[in-house]
Each structure stands twice: as structure tokens, then as C-alpha cells.
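Peer 1: Dropping a prediction and its sequence here:
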Amino acid sequence: MRRSAVVACLTLTIAAATLPAFKADFHDLAASSGLTAPNVYGGLARKDYILETTGNGVAIFDYDNDGRNDIFIANGTRLNSSPNTPLSQLYHNEGNGRFRNVAAQAGLTHSGWAQGVCVGDYDNDGHPDLLVTYYGHNILYRNRGDGTFEDATAQAHLPLTGTRYGAGCSFLDYDRDGYLDLFIANYVDLDLAATPHPGQGEFCVWKNIPVMCGPRGLPLAHNVLYHNNRDGTFTDVSESAGILKPGGRYSLGVAAADFDNDGWPDIYVACDMTRSLLFHNLHNGTFEERGVESGVALNFDGDLQAGMGIAVADYDGDGLLDIAKTNFSGDLTSLYHNDDGKFFTDVSREAGLASRQLLGWGVAFVDVDDDGWRDLVVANGHVYPEVEGKQLGDTYLQPTVLYHNLGNGKFRDVTTEAGPAFATPRPARGLAVGDLLGDGHQQIVLVNMNSTPSLLANHGPHGHYLNLSLTGTKSNRSAIGARAIVTAGGRNRIDEVMSGGSYYSQNSLTLHFGLGDCPRADKIEIRWPSGIVQTLGPTPADRTLKIAEPSQP
């Protein structure tokens, strides 16, 4: 390695002020890539029920293990829909930037009010499975390993009767027994027959416009934790594990991660007009809810928020995972800085997230230029199409926003500098990131309500990168919960394999590290959920490493 490269690499880690000027050139490649099936979700010009507003999520994962990431997009329906309700989409990555919808051939044949999606190999057979939440009952798709899925909901002992408003979900191994358990958030205990129509109640008017009712005024829902019995079935342990103790909530986004660095996954839930939840893992099969005490239940003024999506990352490089949360129109995107593993501070204003007060949904920390600092991308779109043309200061279509991480704990809004893809307003909901073009960098997929999806790719300059694709052996096969620490240029970068997150969505399980000017990683440390710690020496950049958990430390 040339000495000049070493000096440049070290300089970037010492002073954020030396970071090069931000350059990006994002283009929407969805149409040319074959992502052309329209999303269907509720009414177009008006929404009579809250069910028509929440929209769908997206998952990026390699379902057939061919080395290329594929895309699953949940799809909805309409009230009083015809028998031709569309299916969700499974886009197979054909290579060369092209995708083909193979949902029907792959066995993803359920239709209806699909909501969110999360990915995890719950039976440890080496093939990633899908959990799709619904208004009605959720569907567990078991990956057969031959390019097809089977509906394993009944076989897994998950509910087939009753009606729940499933929202975000996450696979996690909360008891670290090597098998993935399942957390599912529920939004509203919704009975359409008992729900008032727009304008008929206190919570059915917004800015003097009659709109759909809720969530306030509608019955609260309760979240669910299912324990994996290690035989392909699950048991509802919500009560015994402490998940029901906080009572009902209007829950939407879910993220499971180790926030206090104790080696055990915790659970954060973004809630709409109720206090958000942080379930701290007590290591004995139970959780303690600490949202208010930890500082992540409310905003900086102690007020309730309409929380939607969640992103988790160590944005400032202090070794602790922080939380970003999207909120309703007129509010900031929340940024909860993890102070010490137990307590968080809402630093959204100080960090520079006050420039936009849109209605946020999907959100992700993603290093768009690979300078070594995770940026923040936020999908926006109003919940009420009725605002369009009313001159109320709100629009239904809203810009996707990009905040550039300055490396000093602050962000700068670079939306107008990020290329034509960020100049297009959208009715966005779900958002996920991952390498879809096979170039080692991360792209962004957006689900746009009642429109076609977006695939955002940065054609601008990039720094060096390193990708880690992890496989558990003693730990769960998906390596969910594994923590990687990559050292380059004298600075540590951490990330964790997570299921779920964003809004109703699933990022690629491959960990991506921007290295800036550093042409190599000096050390890689992987802390597996089993407790095994694996260390690798100097590794050249600009590649994807496939790493299996060793049998011994």
C-alpha cells in the first residue's frame, strides 16, 4: 500500500473536516430493470379507512442462493376488490441489472392486505424464509430450496383464525439457542364494520378536511413474541416473556438489535400516537420494557409522536447502536443517540435533521458514497391523498430525503445535490437497501403506494468498501444478531445482522462497510450469537467475504 494512501486514510479518521465534498448522482433504474408491476393499496383519491393508508414493505435477500440479491415487494388490495387482486411480487435477479417477477411460479400466491415482511432461516436448512404480515392473519413462507416456497403457517402453529392488523416484524434469537424466534407488531385492533367514516368523529378530521379515522379513537392492539420450538413450530410466549405487560399500543416499525452491547438482542418498536417501546433482554427468556426510562419513547420535549419506521446504526462511530425513527407530517425525524447502552438522547435538532418536516416511513442508514460514515435516507409520502390541491402546506407526493453524515455527529440535507432520482416526489412507504447490481455498493428500493417501485442507484464516486456475508453454524444459520467490528485507518466501524427494520421492510443481511480512502481493513472481528469471537487479519477492500462461524473461538 502506498504511503500516500495510508496518510489519506488516517487523515479521514482523525478529522471529519477533511472529508471530501459530497458528490452523488442517483438515478431511478426501476423501469429499465424490470421493476414495473404497480403496487395496489386502497383508494387513489381518498381513503375511507386507516387500513388503506399504511402501505407495504420490501425485502432484499438472495432467496435462491445464486449469489445475487432478489427483491420481494408486499402488495395490498382495495376495499370491495374484484377477484383479480394482485399478488405480491418476487423479482428474481437475472444479473446485468435485470429482474423478473416470479412470484406465482415461486408459490407466493396469497393476496389481500399484505403489510410488512422480514427474512430469516427459521428452520436452519440454509434457505432464507419469509414472514409476511397481513390484515387478517400472517403468512409464513418456508423456502424449499428449489426456488419455490410453501405456506408453512399452519405447520408452524402460527394463527390461522381471527383478525389482526399485522405490521412490522423481526426474526431474532432472543434466548440464543441457535434458532430464530419471531416478534410481530400489531397496529390497530381494527373492525371495519365498527369504524366511523371520514368526518364522523373527533379523530376523523385533519386541517378541517374529513379524513379516515384513527389511529386515536380506535382500539389498541398488542404485540406478539413467538418462541421457536426447534422442530419447525412456534409457541406464543408474549405474556410469559413480558411483551404484554406494557399494554396495548399502535405499533408499526420493529427493529431487534443489541443496544447495550451485552450480547443479547433487544427490541425497539415505533408506535403511532402512543409511547414507543424498548424491550430490554434480561437473558432469561424475558424482557423489561424501558422505553420511557431510556429516552426513546417520546421526543426531545417529552411529547407523543406518530412513529413509523426505524433505522439502527452506529452513526457517530462510538461503538454503540443508535436509532432513527420517522414520524408524521410536521415533525422531525427522530435521532436517538445511544449514550451508554442504557440511556439515549434525542439529538435530531442538534444533528441537523430539522430541515424537513415531512411524513416519513421507510428509513435506513446507508453509506451512499462509502466514505466510512453512514448517511440517512428517508422515504416520505402523505397519508391523506385528500390534501392534494388544498393549499394546506402539505402534498401527497413528497421527496425522498438524503442526509449526508459529516463525521462529527451532524448531518447535512443533500437531497437537492444527490441526482435526478431525489428530485422526484413519491407516495413512498417501504424502503430497503442492499447490493442489487452486483457492484459491491448498496442500492435503495422504495415501495410507492398505488404506483410502481423505485430502484435508486448512485452513479457518483465511491470510496473503498468491504462486504461481509455471514453464515452461522452453532448460531442461527442466518447469523442474525452477529456483530462485526471492522478496523480500518485506526477507526472501528460496527454493524449487526438484523431482520426487519425500516418501515415494514428488510435490508440485505450482508453487512456493508464503507472504508473511504482505506484500501484494506486492518482487522475484522465477528462476535457470533453463540458467544464465539472470530478474528481475521488484514483484508484487501472492494470485495465480499463469505464467512462461516467456526466451531471454536
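Peer 2: Sure, I can see it.
Peer 1: can you give me the helices in the stretch 51-200 of the chain?
Peer 2: 103-106 (DSSP state H, counting those that start in this stretch).
Peer 1: and the closest residue to Gly76 other than its chain neighbours, backbone torsions?
Peer 2: Counting by CB to CB, 6 or more residues apart in numbering, Tyr41 is the residue found nearest to Gly76 once chain neighbours are left out, at 3.6 Å. Backbone N, C-alpha and C define where each C-beta goes, glycine included. Per-residue torsions, Tyr41: phi -160, psi 100 (degrees, to the nearest 10).
Peer 1: how about the nearest residue to His157, chain neighbours excluded?
Peer 2: Counting by CB to CB, 6+ apart, the residue nearest His157 is Thr233, at 4.4 Å.
Peer 1: shouldn't that neighbour be in contact with Ala156?
Peer 2: Yes - counting by CB atoms under 8 Å, Thr233 does reach Ala156; the two are 5.5 Å apart.
Peer 1: which of the two has more neighbours?
Peer 2: The neighbour comparison of Thr233 against Ala156 (other CB atoms under 10 Å) goes to Ala156, with 21 against 14.
Peer 1: Next one: the more buried one from Asp146, what distance?
Peer 2: Counting by CB to CB, to the nearest Å, the gap between Ala156 and Asp146 amounts to 20 Å.
Peer 1: hey, where'd the helices end up in the chain?
Peer 2: For the chain, helices defined by DSSP state H occupy the ranges 3-14, 30-33, 103-106, 291-294.
Peer 1: contact partners of the third one?
Peer 2: To tie it back to what came earlier, the one meant is helix 103-106. Tyr63, Leu87, Ser88, Gln89, Leu90, Thr109, Gly147, Thr148, Phe149 (CB atoms under 8 Å, 6 or more residues apart in numbering).
Peer 1: Return the set of buried residues in stretch 282-302.
Peer 2: Across stretch 282-302, burial judged by 16 or more other CB atoms under 10 Å covers Thr286, Phe287, Glu289, Arg290, Gly291, Ser294, Gly295, Val296, Ala297, Leu298, Asn299, Phe300.
Peer 1: Stretch 115-127 too?
Peer 2: Buried-residue list, stretch 115-127, by 16+ other CB under 10 Å: Gln115, Gly116, Val117, Cys118, Val119, Gly120, Asp121, Tyr122, Asp123, Asn124, His127.
Peer 1: from these, which is closest to Leu29?
Peer 2: Leu29 has its nearest neighbour among those in Val117, at 21.7 Å by CB to CB.
Peer 1: since we're on Ala194, how many residues are nearby?
Peer 2: Neighbours of Ala194 under the rule other CB under 10 Å: 8.
Peer 1: Relative to Gly214, how far out is it?
Peer 2: For Ala194, the distance to Gly214 - CB to CB - is 12 Å.
Peer 1: now do Leu244
Peer 2: Distance of Leu244 to Gly214, given as CB to CB: 22 Å.
Peer 1: dump the residue contacts of the residue nearest to Arg412 when sequence neighbours are not counted.
Peer 2: Spatial nearest neighbour of Arg412, excluding adjacent residues (CB to CB, 6+ apart): His404 at 5.0 Å. For His404, the contacting residues are Phe22, Val368, Asp375, Phe411, Arg412, Asp413, Val414, by CB under 8 Å, 6+ apart.
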